[in-house]
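A.B. asks: Below: sequence and its predicted model.
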Amino acid sequence: MNLLPDTYHIQQTFSDWCRTGKKVQLPGVATDRLAHYRRLVFNNIHDTMENAFPIAFNNIPTRKWDKMVKDFFAHHACQSYQLWKLPLEFYTYAVEHNWDEQYDIPYLNDLLAFEWAEMELYNMEDIPAPAYCIKGNWLDTPLVLNPEHRLLSFRWPVHLKAKRRELMPRKGIYFALLYRHPETGSIQFTDLSPWLAFLTEQLAIGITVRDILDYAPQLNITDTDTLESDTLAFLKEMQQQHFVLGFQS
Amino acid sequence: MVGVGFRREFAEELISGEHIRPDFIELAPENWMNIGGYWKKILHRVVEKYPVLCHGLSLSIGSPDALNKEFLAYVKAFLQEYKVQLYSEHLSYSKCDNAHMYDLLPIPFRMDAVQHIVSRIQQVQDYLQRPLAMEIVSYYTPVAAEMSEIDFINEVVKRSGCQLLLDVNNIYVNAFNHQYDAKAFIQQLPLGSVAYIHMAGHEQVAPDLIIDTHGEPIIDPVYDLFEWTLAHLQPVPVLLERDFNIPEMAELQGEISRLKNICHKQWKLKDELVA
């Protein structure tokens, strides 16, 4: 490196200012104009998080949200050279620093995970689907699922409710399936029961519906009279919705 | 050739070509590499319709940090995949202490910084097997300068062999903010190295300060400076940047048309003189 230590230090100091807004001493700098750099840099980060997490942004008190973004940008070295991926680092930082406890938002991790999954699915590279047939045996032919999906589990129903007062009394076990529509690219999501979440997870690794149904008693599912028909109805509906693509060929 | 910066906000209008019809589009590889789904389809459609120039955001040529080779590999592949005719970047830094800033920070105008940048430009040019066009960025305060801005730029261009991206609005903004003569500044540049021109709008936020926002129409004095500048240059592509506060397409097309008329007037005259 050709930079002298002094120049290196000046560049570090300048970027520290942009990250933290903490007063710095820099030779030859107009301090009133220095403020614009902090404003422009920070606003860009703030806008990025607002756009990535619109539900969180709209439902978390402004002072808390601003503090989170400031904390993140000041203390986390942003790694992605693609700005659209930075919200993943924000979400990870929140989990690692127990923001759910620190900010008294117990459902925060779930909410950020849900919103990031939506953004990631929308933007991520295409994943080619395996070859499949439109017709087959629903029970015995392994199904081909849309590979552009995420199966998420939550402790709070952040995919169904946004307000704190609605979320807080509903702590439990929830599952959501998000997938990218193969033609429009739009992100669809659906709430799943624990059984349907299990079914989806098993189908994704190539297990047949019949084998999954046979396993139901081991999950303490005893009322199996309508399980098969309900399961097949769900899968047929999901074929209409472009999540079940077809049958292994 | 007058192009426009490709924005998602008016991607469909660009593809239809009904209300806006640039000669080319410019995009930032960082915003489009490794993208799939809807926007990849849109990207393919727009690239089928228009020639593509690329203007990067994350190279951070002035950074004290090492160049990111993985990033450069993606850039190289992207430029090849989309048959990009010109790749430009900013004479600034946007990463320090292993942290991206996602904005253009001013480099201290110093000789050791020149040497540092020259070495990095040459590494990038060698790796990409193409020249880099470096943009003279707008800046709001000098930082620990030991040489003039013009000397700094000239040394970088002379020693690295890079091309220049002359953002005429940036020169106007810098001349206003730092109280120098924009035309005198441009005359001192190595104009033979200019490979690309940017034009944009800005916002005056204080009596003595303009911020380069790309969020307003180009103002008349910047058009005047553009016209004056063209008289000193060989024909190069010209880009209209509009990143925020996107107007109706008729307004953007109006700006493109005005730029084209100026190019035609200045460079046709030059051609006639040469003939």
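C.D. replies: Ah, there it is.

A.B. asks: tell me the phi and psi of the residue lying closest to A:I55 once chain neighbours are set aside?
C.D. replies: Leaving aside its sequence neighbours, A:I55 sits nearest to A:A162 (C-beta to C-beta, 6 or more residues apart in numbering or on different chains; 5.2 Å). C-beta: built from backbone N, CA, C; applies to glycine. Main-chain dihedrals, A:A162, degrees, to the nearest 10: phi -120, psi -30.

A.B. asks: Which single residue in chain B comes nearest to chain A?
C.D. replies: Residue nearest to chain A within chain B: B:Y38 (2.8 Å; C-beta to the nearest C-beta).

A.B. asks: residue contacts, that residue?
C.D. replies: B:Y38 sits next to A:122, A:184-186 when contact means C-beta atoms under 8 Å, 6 or more residues apart in numbering or on different chains.

A.B. asks: Buried only: go through the residues you listed for me.
C.D. replies: A:122, A:185 (16 or more other C-beta atoms under 10 Å in any protein chain shown).

A.B. asks: residues in contact with the residue nearest to A:I55?
C.D. replies: Taking C-beta under 8 Å, 6+ apart, we find A:A162 in contact with A:55, A:58-59.

A.B. asks: where does A:I45 fall, phi/psi-wise?
C.D. replies: The phi and psi values for A:I45, taken as degrees, to the nearest 10, are phi -70, psi -40.

A.B. asks: So the closest residue to it other than its chain neighbours versus A:T222, what's the distance?
C.D. replies: Among residues not flanking A:I45 along the chain, A:F73 sits closest, at 5.0 Å (C-beta to C-beta, 6+ apart). Here A:F73 is placed at a distance of 52 Å from A:T222 (C-beta to C-beta, to the nearest Å).

A.B. asks: Compare neighbour counts for the two and give me the winner.
C.D. replies: Legend: neighbour count by other C-beta atoms under 10 Å in any protein chain shown for A:F73 and A:T222, higher for A:F73 (26 against 9).

A.B. asks: got the buried residues for the stretch of helix or strand the more buried one belongs to?
C.D. replies: Per DSSP states H and E, A:F73 falls inside helix A:62-75. Neighbour counts over helix A:62-75 (16+ other C-beta under 10 Å) mark A:65, A:68-73 as buried.

A.B. asks: Filter the contacts of A:A162 down to the ones in strands?
C.D. replies: Using DSSP state E, no member of the contacts of A:A162 sits in strands.

A.B. asks: Give the PyMOL command for selecting the buried subset of these.
C.D. replies: Restricted to buried positions by 16+ other C-beta under 10 Å, the PyMOL selection for these reads:
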select buried, chain A and resi 55+59
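
A.B. asks: now the closest residue in space to A:V209 that isn't next to it in sequence: how far from chain B?
C.D. replies: Of all residues not flanking A:V209 in the chain, A:L139 sits nearest, at 5.1 Å (C-beta to C-beta, 6+ apart). Using C-beta to the nearest C-beta, to the nearest Å, A:L139 is found at 32 Å from chain B.

A.B. asks: Contact partners for A:L139?
C.D. replies: Neighbour list for A:L139: A:208-210, A:213, A:228, A:232 [criterion: C-beta under 8 Å, 6+ apart].

A.B. asks: With A:W84 instead?
C.D. replies: Contacts of A:W84 by C-beta under 8 Å, 6+ apart are A:48, A:52, A:119, A:123, B:31.

A.B. asks: mind redoing it with 10 Å?
C.D. replies: Remark: with contacts taken as C-beta atoms under 10 Å, 6 or more residues apart in numbering or on different chains, A:W84 is in contact with A:48, A:51-52, A:119-120, A:122-123, B:30-31, B:34-35.

A.B. asks: tell me the phi and psi of the residue lying farthest from the centre of chain A?
C.D. replies: Within chain A, the residue lying farthest from the chain centre (C-alpha atoms, centre = their mean) is A:G28, at 44.2 Å. When read as degrees, to the nearest 10, the backbone of A:G28 gives phi 70, psi 10.

A.B. asks: Count the residues that sit near the closest residue to it other than its chain neighbours.
C.D. replies: Leaving out its chain neighbours, the residue that sits closest to A:G28 by C-beta to C-beta, 6+ apart is B:A144, at 5.1 Å. Using other C-beta under 10 Å, B:A144 is surrounded by 21 other residues.

A.B. asks: Return the per-residue confidence for B:A144.
C.D. replies: The model reports B:A144 with a pLDDT of 96.

A.B. asks: And residue 100, its phi and psi?
C.D. replies: Defaulting to chain A. Dihedral angles phi and psi of A:D100 (degrees, to the nearest 10) take the values phi -60, psi -40.

A.B. asks: Please refer instead to chain B.
C.D. replies: Backbone geometry at B:H100, expressed as degrees, to the nearest 10, gives phi -80, psi 140.

A.B. asks: which ones are touching the closest residue to it other than its chain neighbours?
C.D. replies: Using C-beta to C-beta, 6+ apart and skipping the chain neighbours, the partner closest in space to B:H100 is A:C78 (4.4 Å). Taking C-beta under 10 Å, 6+ apart, we find A:C78 in contact with A:19, A:45, A:72, A:85-86, A:89-90, A:93, B:95, B:98-102.

A.B. asks: JSON lines for those, including secondary structure?
C.D. replies: Listed next are these as JSON lines, based on DSSP: H, G, I helix; E, B strand; the rest coil:
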{"residue": "A:R19", "secondary structure": "helix"}
{"residue": "A:I45", "secondary structure": "helix"}
{"residue": "A:F72", "secondary structure": "helix"}
{"residue": "A:K85", "secondary structure": "helix"}
{"residue": "A:L86", "secondary structure": "helix"}
{"residue": "A:E89", "secondary structure": "helix"}
{"residue": "A:F90", "secondary structure": "helix"}
{"residue": "A:Y93", "secondary structure": "helix"}
{"residue": "B:K95", "secondary structure": "strand"}
{"residue": "B:N98", "secondary structure": "coil"}
{"residue": "B:A99", "secondary structure": "strand"}
{"residue": "B:H100", "secondary structure": "strand"}
{"residue": "B:M101", "secondary structure": "strand"}
{"residue": "B:Y102", "secondary structure": "strand"}
